[in-house]
Each structure stands twice: as structure tokens, then as C-alpha cells.
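Q: turn this into a structure:
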Amino acid sequence: MEREQRAKAVSRILAELACSTVIVEGKHDVDALASLGIAAITEGSIARKSIEGRVCLLMDNDRRGIQRKERLYNRLLEMDKGIQIDVASGERLQKMLNITSIEQLCKPVREAMYR
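A: Residues are numbered from 1 along each chain as shown. As a prediction, this is how the structure comes out:
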């Protein structure tokens, strides 16, 4: 993917995330996204938050993250509040930036956007 196209694609995905409730695995993931201006909550804080609208599941691309994403996806479906669940945005972003964990996100995003 050409550098300019990649920067635009990353920018679009970040904008989608910024307009969603982003759910991640842990505090380090929350911190990584916060440094990019994106608010996120951990899977464990769902019970304390009102979840509605568009939800993006942004889990690591490892066995544990994939299992958590599947479990959380099913849990959100059971809530049946008209939630729109997005798993594709995070997967596209990770593939585009060639990363496997959300903690790794900051440097590749900055490189794609600002170099």
C-alpha cells in the first residue's frame, strides 16, 4: 500500500474508533490508545459502563486475544441493546501496521501518519 493511501486508511480507522466505544484487553492498551486521542475501556469495566451504539472490539491478535474477542462479541450480542459490534476495524488496523498487540500501536501509527 502506498504511503499516502496507508496514512489515509489509518486516519479513517482512527476516526471510526474515536466515534465508538472501544473495548480493549487491559490498561496498557487503554493508555496506548489515549496517547493517540482515542478513549477506550477495558473488558472488565463493561459492567460499570452503559454500552450502546457502535462498539469496537480491539483485542490483541494472539490466541488469548482472539478468544476474548469471541467471548466478548457473544456477550454483547446477548445484551441485545441494538449494539453495532465492529471487529473488522481493529483487525484491518493491525494488519495494515503489521502489529499483533494494541500496545504496539503508537509508533507504527505515528510513522504512517506523520512521515
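Q: do you have the helices of this protein handy? List them.
A: 3-18, 27-34, 63-79, 88-97, 106-114 (DSSP state H).
Q: contacts for the second one, please.
A: Contact partners of helix 27-34, identified using Cβ atoms under 8 Å, 6 or more residues apart in numbering, comprise 17, 22, 24, 39-42, 58, 60, 101-106. Yep, even glycine has a C-beta here, placed from its N, CA and C like the rest.
Q: and the pLDDT at the closest residue to Arg6 other than its chain neighbours?
A: Using Cβ to Cβ, 6 or more residues apart in numbering and skipping residues adjacent in sequence, the residue nearest Arg6 is Ala112, 5.4 Å away. Looking at Ala112, its pLDDT is 79.
Q: going forward, the N-terminal residue is numbered 549.
A: New numbering, starting at 549: the last item is Ala660.
Q: how near is Ala660 to Leu641?
A: 10 Å (Cβ to Cβ, to the nearest Å).
Q: these two: which has the busier surroundings?
A: Leu641 (24 against 19; other Cβ atoms under 10 Å).
Q: test my guess that the more buried one contacts Ser559.
A: No: Leu641 lies out of contact with Ser559 (Cβ atoms under 8 Å); the separation is 10.8 Å.
Q: quick one on the thing from earlier: now do the shared contacts for Ala660 and Leu641.
A: Counting by Cβ under 8 Å, 6+ apart, the residues touching both Ala660 and Leu641 are Val558.
Q: what is the burial count for the nearest residue to Met607 once chain neighbours are set aside?
A: Counting by Cβ to Cβ, 6+ apart, Gly613 is the residue found nearest to Met607 once chain neighbours are left out, at 3.8 Å. Gly613: 21 surrounding residues under other Cβ under 10 Å.
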